[in-house]
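Undergrad: build me a model:
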Amino acid sequence: MSQKVTPYKDSELGKKEQVTKMFDTISTNYDGLNRVISFGIDIKWRKKVVELLKKEQPKSILDIATGTGDLAIALVDTGAKRIVGLDISPGMLTVGKEKVKNKDLDHTIELVVGDSENLSFEDNTFDAVTVSFGVRNFETLTTGMAEILRVLKPNGTLVILETSVPTKTPYKQGYRFYTKNILPLIGKLFSKDNSAYGYLSESASVFPHGEKFNNILREIGFIDVTNKPQTFGVASIYIAKKSA
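TA: Residues are numbered from 1 along each chain as shown. Now for the predicted structure:
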């Protein structure tokens, strides 16, 4: 089964190239806009990911779609000795490397350019893999998930933080209004590439969240799959394991 997410915009470029170009363009504004768009709640969500992984005591973590490194930096609190942050956008990683350097975390965190659907790591390399607001940008979702399963060690843990769509009234209607009207407006006001925030809204709306995504993970081969809706369902944390 192949699962594709709606492209950024019509272009002769493939989705990966489009997404790379988009995030390179908005990289310098990305952190500030994230705080504005989510009202700062994204920080709380990432802390929950860290708390979940702390229990697993991972020694090595791969953070896919690391962007500017927010989650990779937060994951230091898990006690992991090696954290690799991977992203397709060199622009986002440039911002992230500066943050890592300023926090004197170079000895723990390595940020690298890479393709989530063609990982350069050996089988069974990492104790845990995380993805924060990135899986909906995969060109082929199932390919990316299969690669994550491959590089996870047996008994390894996958934790994904991703946007989702509330299902209950009035949160569903409020979310729809915000993502279709307010989010693109914020992007237009604060970013040179306002179409990027239209894409982020659109990609969230078509992503197979909740039980649909749980089932995709199960079909790939993950076990013990669960999801935890956050803040009225505007985001979800997915947890899954690789079998022994």
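
Undergrad: let me see the contact set for residue 49.
TA: Taking CB atoms under 8 Å, 6 or more residues apart in numbering, we find residue 49 in contact with 71, 74-75, 130, 132, 159, 161, 237. Using the backbone N, CA and C atoms, a C-beta is placed for each residue, glycine as well.

Undergrad: what kind of secondary structure is it in?
TA: Of the three states, residue 49 takes helix under DSSP: H, G, I helix; E, B strand; the rest coil.

Undergrad: measure it to residue 153 for me?
TA: Residue 49 sits at a distance of 19 Å from residue 153 (criterion: CB to CB, to the nearest Å).

Undergrad: surely residue 36 is in a helix?
TA: Yes: under three-state DSSP, residue 36 falls within a helix.

Undergrad: wait, it sits on residue 183?
TA: No: the criterion here is CB atoms under 8 Å, and residue 36 misses it with residue 183 at 10.0 Å.

Undergrad: more crowded one of the two?
TA: residue 183 (19 against 14; other CB atoms under 10 Å).

Undergrad: my guess is the more buried one meets residue 38, correct?
TA: No: the pair residue 183 / residue 38 is not scored as a contact, 10.2 Å apart, by CB under 8 Å.

Undergrad: now the helix or strand harbouring residue 23: buried residues?
TA: Using DSSP states H and E, residue 23 sits within helix 15-37. Residues of helix 15-37 classed as buried by neighbour count (16 or more other CB atoms under 10 Å): 15-16, 18-27, 29-31, 33-34, 37.

Undergrad: the residue nearest to residue 228 when sequence neighbours are not counted bridge partners, please.
TA: Nearest non-adjacent residue to residue 228, counting by CB to CB, 6 or more residues apart in numbering: residue 237, 4.6 Å away. Applying DSSP bridges to residue 237 gives these bridge partners: residue 161, residue 228.

Undergrad: same check on the one 4 residues further on?
TA: When bridges are taken as DSSP bridges, the partners of residue 241 come out as residue 157, residue 223.

Undergrad: begin at 53 from here
TA: In the new numbering, first residue 53, that becomes residue 293.

Undergrad: pLDDT wise, what is it at?
TA: pLDDT, residue 293: 98.

Undergrad: equivalent analysis for residue 246, please.
TA: 57.

Undergrad: same question for residue 256.
TA: 70.

Undergrad: that one is in contact with residue 217, isn't it?
TA: Yes: with contacts defined as CB under 8 Å, residue 256 counts as touching residue 217 at a distance of 7.1 Å.

Undergrad: have a look at those two and say which one is more surrounded.
TA: Neighbours were counted for residue 256 and for residue 217 using other CB under 10 Å; residue 256 has more, 21 against 18.

Undergrad: show me what contacts the nearest residue to that one once chain neighbours are set aside?
TA: Distances taken as CB to CB, 6+ apart put residue 215 closest to residue 256, at 4.1 Å, once the chain neighbours are dropped. Applying CB under 8 Å, 6+ apart, we find residue 215 in contact with 185, 188, 256, 259, 261, 286-288.
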